[in-house]
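# Predicted model and sequence follow; I will ask about them next.
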Amino acid sequence: CLHCQEAPCTKVCPVGATWVREDGIVAMDYDRCIGCRYCEVACPYDVRRFNWEVSTADNPYVPTWGVPEVERRPRGVVEKCTFCVQRIDRGVESGLTPGVDPQATPACVNACPVNARVFGDVHDPDSPISKFLAENDTFRLREDFGTEPKVHYVRPAKEEV
């Protein structure tokens with residue numbers, strides 16, 4: 001999910017199961033989702049997936065570390081990246097800063113072995129993400145869609161000839 005400011009998925013959900021939070025994260029209430037898949041069709045980036053399967057078995061190829069932070073989503077709902085809102089909310093409640101403190105930062109950012117992901121508050125000019133964006137040549141996917149995605153990508157370095 002690119003967490004668009006003008007997210008088409010939020011406009012088509014008939015039950016309000018997906019919305020843009022005040023902090024800009026596109027959130028989902030999986031208990032409210034009726035599985036109509038309108039949001040999946042509306043997403044121009046094709047990042048939402050309908051959950052066709054009931055997932056009850058543990059995956060023997062993925063080790064389990066502690067108690068899961070979120071329950072498995074039930075069959076019949078659409079899923080997407082949530083930037084681990086449960087980590088962010090719990091961290092902020094504890095006075096932590098997302099993108100600075102690992103306990104308040106999305107798991108993918110913490111787990112990336114090459115530090116290819118940066119997260120934080122782009123409205124704070126002193127935040128690591130704001131500094132990173134100022135120092136690097138970045139772009140957002142298909143800005144011509146007018147969705148204002150919040151995920152930025154770093155352009156590859158140009159090779160000198």
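Arrived safely. Everything numeric here is computed off the predicted structure, so don't read it as measured data.
# Okay, helices next: where are they in the chain?
8-12, 38-42, 85-93, 107-111, 128-135 (DSSP state H).
# Figure out which of those helices is closest to Val154.
helix 128-135 (8.6 Å; CB to CB). To be clear about C-beta, it is placed using only N, CA and C from the backbone, and glycine gets the same treatment.
# Can you add distance to Phe50 and give the helices of the chain back as CSV?
Listed next are the helices of the chain as CSV, based on distance: least, CB to CB, whole Å:
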stretch, distance to Phe50
helix 8-12, 13
helix 38-42, 6
helix 85-93, 20
helix 107-111, 22
helix 128-135, 31
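# Quick one, which of these gets closest to Arg21.
helix 85-93 (7.5 Å).
# List the contacts of Ser94.
103-104 (CB atoms under 8 Å, 6 or more residues apart in numbering).
# And it, how far from Asp101?
Per CB to CB, to the nearest Å, Ser94 is found 9 Å from Asp101.
# And the most centrally placed residue in the chain, its phi and psi?
Centroid check for the chain by CA atoms, centre = their mean gives Phe83 as the closest residue, at 3.4 Å. Backbone torsions for Phe83, taken as degrees, to the nearest 10, come to phi 60, psi 30.
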